[in-house]
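In: No letters, just coordinates:
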C-alpha cells in the first residue's frame, strides 16, 4: 500500500528521456543509447591502477544526462545508469572480479552544496546487486576543494590533484582487489592519484570503472 502511494506521488521516470515509465530506462531509450555504449577495457602499465573499463563514450545524450545527474539534482538518473551497467554482461563480469568498491570522493564542501556524491550513489547500488562486492565509503577522502578538472589542461590537472586525497582506516583494503568508481575518465589524473594512495596502503589490485570516457 505504502509503495503504491509513493509510486503515485513520485512515479518512476526514464533516466534518459525523463518520461514517466514502468522502468528506470524505457525501451525506446535502451535502443537510443546503444550507439554510445562501448563496454571497453584498457590495461595500463604506466599508471597506479591496473585496468580501466567504461560504459559509454562521453557524447551527446550521455554527456547531457551525466551533467544533469552530477549538477542538476536528478539523483533518480543513478537508477537508470545502474540498470544499464548490471545488464551489460561484459561490465558485470568485470565488476564481480573485485572484493571492494570505493567511490572517488568529493570534498565535504562540495558534497554539502550538491547534497550527494554521484559516484557514491551508483557504488552503493552496485554493491547491493553484485554478490561478494562490498561497498566501503569511510576510507578514501578528499582533503581540499580543488579547481574542477574539466577546466584544466592535462599538465594542470595532474598538478591540481596532487595531495588532494588521503586514507583513513585503510587496513580494510589491504590485500584486496579494489574497484574505484568515478563518473568520467578524461586524462585519468584523478583516479591515478587516488590509486597511488590505495597502493601505498596495500591494495592488491586496483581497477577503475567509469560511466564514460571522454
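Out: Looks like it arrived, so ask away. Nothing here was measured: the structure is a model prediction, and the numbers come from that model.
In: What pLDDT is listed against residue 82?
Out: What the model reports for residue 82 is a pLDDT of 98.
In: again, but for residue 144
Out: Listed pLDDT for residue 144 reads 75.
In: cool, the one 10 residues further on as well?
Out: Note for residue 154: predicted pLDDT of 62.
In: Now the element after the lowest-mean-pLDDT helix or strand in the chain, going C-ward?
Out: Here the helix or strand of the chain ranked lowest by mean pLDDT, DSSP states H and E is helix 2-9, holding a mean of 37. Counting by DSSP states H and E, the next helix or strand C-terminal to helix 2-9 is helix 27-32.
In: Specify the next element, helix or strand, located C-terminal of that following helix.
Out: Helix 27-32 is succeeded, C-terminally, by strand 37-43 (DSSP H and E).
In: So which elements touch the next helix or strand after that following strand?
Out: Next in sequence after strand 37-43, counting helices and strands by DSSP H and E, comes strand 51-57. When contacts are defined as 3 or more C-beta pairs under 8 Å, 6 or more residues apart in numbering; DSSP states H and E, strand 51-57 packs onto strand 37-43, helix 77-87, helix 89-95, strand 205-213. Glycine gets a C-beta too; all of them are placed from N, C-alpha and C.
In: Give the closest residue to residue 80 in space, chain neighbours not counted.
Out: Using C-beta to C-beta, 6 or more residues apart in numbering and skipping the chain neighbours, the partner closest in space to residue 80 is residue 15 (2.3 Å).
In: Show me the shaky parts of this structure.
Out: 1-10, 147-148, 150-155, 158 (pLDDT under 70).
In: let's see 50
Out: Along the chain, segments meeting pLDDT under 50 span 1-9.
In: and the residue nearest the centre of it, helix, strand or coil?
Out: By C-alpha atoms, centre = their mean, the chain has its centre lying nearest to residue 182, at 3.3 Å. What DSSP: H, G, I helix; E, B strand; the rest coil gives for residue 182 is strand.
In: so it bridges to which residues?
Out: Listed by DSSP bridges, the beta-bridge partners for residue 182 are residue 210.
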